[in-house]
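>>> A predicted structure for the sequence below; I have some questions about it.
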Amino acid sequence: MSSDPTPPDTGHLRVREDRGRTVLELHGEIDIAAAVEIIPHLDALTGRPGARIVIDLRHVEFFDCSGLRLLHRARHRVLDRGGELRLVCTHPLTLRVLKVTGLSRLLPPAPSLEAALEQPEATSGTL
């Protein structure tokens, strides 16, 4: 088994590489049931030293506090290991949740995957 495995895609998560970053594309309803499915894969990817991760929420139809916990978890794990985390979000309700909870200040959402991949290193959600 490789020391750098890419987890398999699931019903709520697709993983791919793009321009030196690992893109985690979330799909559907991100609730507690989806979070239980996603966490092992999220942990495998965010546990890598120096991971360069983009979480793409463009295909998410519903996003509750379980989704917020996933984002907080991913951010904490990536930054603790010297990596960077970027977020893509376009859904108005999800953007509102991110803003109301203050998460948008810690992890500013980009309006497109292209914008997230082109962000300078200094704007990767670090404090």
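Done, it's in.
>>> now for residue 14: which residues touch it?
Residues in contact with residue 14 (CB atoms under 8 Å, 6 or more residues apart in numbering) are 24-25, 27. From N, CA and C alone the C-beta is placed, and that goes for glycine too.
>>> dump those to TSV, plus distance to residue 44, neighbour count and pLDDT.
Formatted as TSV, those follow (distance: CB to CB, whole Å; neighbours: other CB atoms under 10 Å; pLDDT from 0 to 100):
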residue	distance to residue 44	neighbour count	pLDDT
24	11	23	97
25	16	19	97
27	18	18	96
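>>> need the longest strand for this structure.
Across the chain, the longest stretch assigned as strand under DSSP state E is strand 52-63.
>>> partners of that one in the sheet?
Its sheet considered, strand 52-63 pairs with strand 21-30 (parallel), strand 84-88 (parallel) by DSSP bridges.
>>> on that earlier part again, dump the contacts of residue 14 to CSV, plus distance to residue 108.
Listed next are the contacts of residue 14 as CSV, based on distance: CB to CB, whole Å:
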residue, distance to residue 108
24, 17
25, 19
27, 22
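>>> which residues does the residue most central in space within the chain bridge with?
Nearest to the geometric centre of the chain sits residue 55, at 2.6 Å (CA atoms, centre = their mean). Here residue 55 sits in beta bridges with residue 24, residue 87, as judged by DSSP bridges.
>>> look up how far residue 10 lies from it.
From residue 55 over to residue 10 the distance is 15 Å, taken as CB to CB, to the nearest Å.
>>> try residue 64
18 Å.
>>> now do residue 91
20 Å.
>>> then residue 97?
Residue 97 sits 23 Å away from residue 10, going by CB to CB.
>>> so the two - more neighbours on which side?
residue 97 (18 against 15; other CB atoms under 10 Å).
>>> hmm, the more buried one is touching residue 71, no?
No. The criterion here is CB atoms under 8 Å, and residue 97 misses it with residue 71 at 10.2 Å.
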